[in-house]
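S.K.: A predicted structure for the sequence below; I have some questions about it.
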Amino acid sequence: MAERVTVAKTTDIPLNEARAFPVGDRMIAIFNQDGEFHAMDDFCPHMGASLACGWIDKDTVTCPWHAWRFSLVDGCWLDNPKIKVDLFTVVVVGDEIQVEFNDE
Ligand code: FES
């Protein structure tokens with residue numbers, strides 16, 4: 001069963017920027033892409049940079065360290081879709097950004 005956690009307020013993340021927030025023992029990057037919010041593991045699978053510090057271009061984020069690009073839609077590395085970053089379902093309730101985490 002999924003657990004829904006309030007991670008941030010919609011006003012915490014400027015348009016077409018991202019911020020990282022601690023949730024349990026991990027950091028979650030929340031992206032505000034043209035007013036649509038996406039949640040992704042903040043840990044780049046290459047060498048661990050914060051993806052929230054990357055550059056957003058449409059539905060892609062580019063890692064700030066070595067420019068690997070990841071889809072905000074499915075989490076795939078665009079150069080090799082076998083490598084993915086975890087994405088999470090986002091629900092906006094009023095001004096709260098809530099993220100769903102599955103029990104594992
Ligand atoms: S740490 Fe992200 S591309 Fe290298």
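M.R.: Nice, I can see it. Note that the coordinates shown come from a computational prediction; the quantities given were computed from them, not determined experimentally. Numbering: from 1, shown residues only.
S.K.: Contact partners for residue 11?
M.R.: Applying Cβ atoms under 8 Å, 6 or more residues apart in numbering to residue 11 gives the contacts residue 95. C-betas here are computed from N, CA, C, even on glycine.
S.K.: Over to the one 4 residues further on?
M.R.: Residue 15 makes contacts with 32, 34-35, as judged by Cβ under 8 Å, 6+ apart.
S.K.: For the residue most central in space within the chain, which non-adjacent residue is closest in space?
M.R.: In the chain, the residue lying closest to the centroid (Cα atoms, centre = their mean) is residue 40, at 2.6 Å. Nearest residue to residue 40 in three dimensions, chain neighbours excluded: residue 29, at 4.9 Å (Cβ to Cβ, 6 or more residues apart in numbering).
S.K.: Surely that neighbour is within a helix?
M.R.: No - read with DSSP: H, G, I helix; E, B strand; the rest coil, residue 29 is strand and lies in no helix.
S.K.: What's the separation between it and residue 1?
M.R.: For residue 29, the distance to residue 1 equals 24 Å [Cβ to Cβ, to the nearest Å].
S.K.: cool, residue 55 as well?
M.R.: 36 Å.
S.K.: more neighbours, those two?
M.R.: A side-by-side neighbour count of residue 55 and residue 1, using other Cβ atoms under 10 Å, places residue 55 first with 14 against 4.
S.K.: Tell me who's in contact with that one.
M.R.: Residue 55 neighbours (Cβ under 8 Å, 6+ apart): 61-62, 64.
S.K.: ok, now residue 23?
M.R.: Applying Cβ under 8 Å, 6+ apart, the residues near residue 23 are 5, 7, 99, 101.
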